[in-house]
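Novice: The amino acid sequence is not available; the structure is as follows:
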């Protein structure tokens with residue numbers, strides 16, 4: 001990243017859904033997408049070679065058919081991103097489907113290299129005095145400086161803001177829309193035998209979540225019986241004051257918990273742990289910045305996984321605050337209003 005480039009660049013675009021939105025994103029962030037794809041640890045060594053095998057071709061065809069049929073507009077958005085960035089569509093497709101492909105690779109080493117859990121952590125609290133979702137966005141170290149914000153506005157009045165990994169659909173991380181729906185995402189990987197070949201991809205589901213009209217609609221969009229692999233969705237409805245966490249797995253399995261006055265911590269496993277009797281906003285940031293457990297720190301600093309940023313969504317202030325570096329130090333990069341569209 002050049003010294004004069006922003007740490008987290010943002011594209012604000014008024015456009016139509018589908019190919020036009022994707023093309024605008026791909027063209028604007030062409031350099032970041034090329035850089036990310038060149039440095040990705042698995043794209044060229046594992047994903048592309050697998051896609052060229054007989055088994056890989058069958059899986060790619062099944063994923064293509066299922067996701068294009070269920071989400072044709074978002075599939076065209078991917079095509080637009082590839083064309084705008086001037087990269088082969090197969091590379092964009094594989095990057096977006098990596099977690100759905102990983103369970104079907106030949107060896108555990110290959111599966112771990114492609115689909116290792118991005119160990120995001122989220123704290124949720126919903127009381128009369130403090131209602132916050134605080135989230136660490138963790139990922140492979142290759143994604144450092146390979147993310148951006150997409151602020152899209154559509155002709156029907158919907159708009160959203162989404163933290164987006166270069167070359168992927170908005171958003172596999174966190175976002176919010178003009179209907180007052182806020183979400184953060186955590187990995188909850190399944191055992192390989194639990195994955196459904198040719199199911200619906202996480203990235204398409206979370207892209208669809210950006211269209212949700214309220215928390216009830218959001219639940220319908222994430223609780224799909226035909227998904228390929230599992231994921232966790234932490235959802236806030238700013239209009240109705242609701243907050244919940246959803247763990248969704250393949251084969252029509254999901255669990256929904258409404259968040260109240262008891263602080264709730266979600267890590268990257270199919271379990272919810274480490275409840276605390278009372279937390280302030282500062283306590284949350286301190287917890288998300290904790291590095292005391294060296295093998296499994298909450299705030300990650302490499303060598304494999306890193307915390308890219310921390311985002312705090314405040315229901316009462318109606319803001320999204322993005323912190324750069326360890327959140328315990330409270331270095332604010334940007335504070336975004338949750339009320340859209342922005343004037």
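Specialist: Received it, and whenever you're ready, just let me know what you need. Computed from a predicted model, the values in this text were never measured in an experiment.

Novice: Give me the below-cutoff pLDDT ranges for the stretch 1-150 of the chain.
Specialist: 1-4, 107-118 (pLDDT under 70).

Novice: mind redoing it with 50?
Specialist: 109-111, 113-114 (pLDDT under 50).

Novice: those strands in it, which residues are they?
Specialist: Secondary structure of the stretch 1-150 of the chain (DSSP state E, counting those that start in this stretch): strands at 10-14, 121-126, 131-140, 147-153.

Novice: can I get those strands in TSV with distance to residue 261 and mean neighbour count?
Specialist: All C-beta spots, glycine's among them, are computed from the backbone N, C-alpha and C. Listed next are these as TSV, based on distance: least, Cβ to Cβ, whole Å; neighbours: other Cβ atoms under 10 Å:
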stretch	distance to residue 261	mean neighbour count
strand 10-14	35	14
strand 121-126	7	25
strand 131-140	10	25
strand 147-153	32	21
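
Novice: Format these as TSV; extra columns: distance to residue 318.
Specialist: As requested, the strands of the stretch 1-150 of the chain are exported to TSV (distance: least, Cβ to Cβ, whole Å):
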stretch	distance to residue 318
strand 10-14	19
strand 121-126	14
strand 131-140	10
strand 147-153	16
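
Novice: of all those strands, which lies closest to residue 105?
Specialist: Residue 105 lies closest, by Cβ to Cβ, to one member of these: strand 131-140, at 16.3 Å.

Novice: Tell me which strands the closest one pairs with, and in which orientation.
Specialist: Within its sheet, strand 131-140 is paired with strand 121-126 (antiparallel), strand 305-314 (antiparallel), according to DSSP bridges.

Novice: Tell me if I'm right that residue 171 and residue 164 touch.
Specialist: Yes: using Cβ atoms under 8 Å, residue 171 makes contact with residue 164 at a distance of 5.2 Å.

Novice: Can you work out which residues contact both of those two?
Specialist: Listed contacts common to residue 171 and residue 164 are residue 150; contacts here mean Cβ atoms under 8 Å, 6 or more residues apart in numbering.

Novice: can you count the residues close to residue 221?
Specialist: Residue 221: 19 surrounding residues under other Cβ atoms under 10 Å.

Novice: Please apply the same query to residue 224.
Specialist: Counted with other Cβ under 10 Å, the neighbours of residue 224 add up to 18.

Novice: Using the three-state scheme, assign it.
Specialist: coil (DSSP: H, G, I helix; E, B strand; the rest coil).

Novice: State the distance from it to residue 179.
Specialist: 20 Å (Cβ to Cβ, to the nearest Å).

Novice: Indicate which one of the strands of the stretch 1-150 of the chain is closest to residue 317.
Specialist: Taking Cβ to Cβ, strand 131-140 is the member of the strands of the stretch 1-150 of the chain nearest to residue 317, at 9.2 Å.

Novice: Identify the residues contacting residue 157.
Specialist: So, once contact is read as Cβ under 8 Å, 6+ apart, residue 157 ends up touching residue 178.

Novice: For it, report the pLDDT, please.
Specialist: If you check residue 157, the pLDDT there is 95.

Novice: just residue 192 next, same as before
Specialist: 78.

Novice: and it, how many residues sit next to it?
Specialist: Neighbour tally, residue 192, other Cβ under 10 Å: 14.

Novice: Next, count neighbours for the residue nearest to it when sequence neighbours are not counted.
Specialist: Leaving aside its chain neighbours, residue 192 sits nearest to residue 103 (3.9 Å; criterion: Cβ to Cβ, 6 or more residues apart in numbering). The criterion is other Cβ under 10 Å. On that basis, residue 103 has 22 neighbouring residues.

Novice: With residue 49 instead?
Specialist: When neighbours are defined as other Cβ under 10 Å, residue 49 has 11 of them.

Novice: Neighbours of the closest residue to it other than its chain neighbours, how many?
Specialist: Spatial nearest neighbour of residue 49, chain neighbours left out: residue 56 (8.0 Å); criterion: Cβ to Cβ, 6+ apart. Other residues lying near residue 56 total 18 when counted by other Cβ under 10 Å.

Novice: do the same with residue 36
Specialist: Residue 36, neighbours per other Cβ under 10 Å, totals 24.

Novice: thinking residue 230 is in contact with residue 251, fair?
Specialist: No: judged on Cβ under 8 Å, residue 230 makes no contact with residue 251 at a distance of 10.0 Å.

Novice: Tell me the spacing between the closest residue to residue 313 other than its chain neighbours and residue 15.
Specialist: In this structure, residue 313 finds its nearest non-sequential neighbour in residue 133, 4.5 Å apart by Cβ to Cβ, 6+ apart. In this view, residue 133 and residue 15 are 28 Å apart by Cβ to Cβ.
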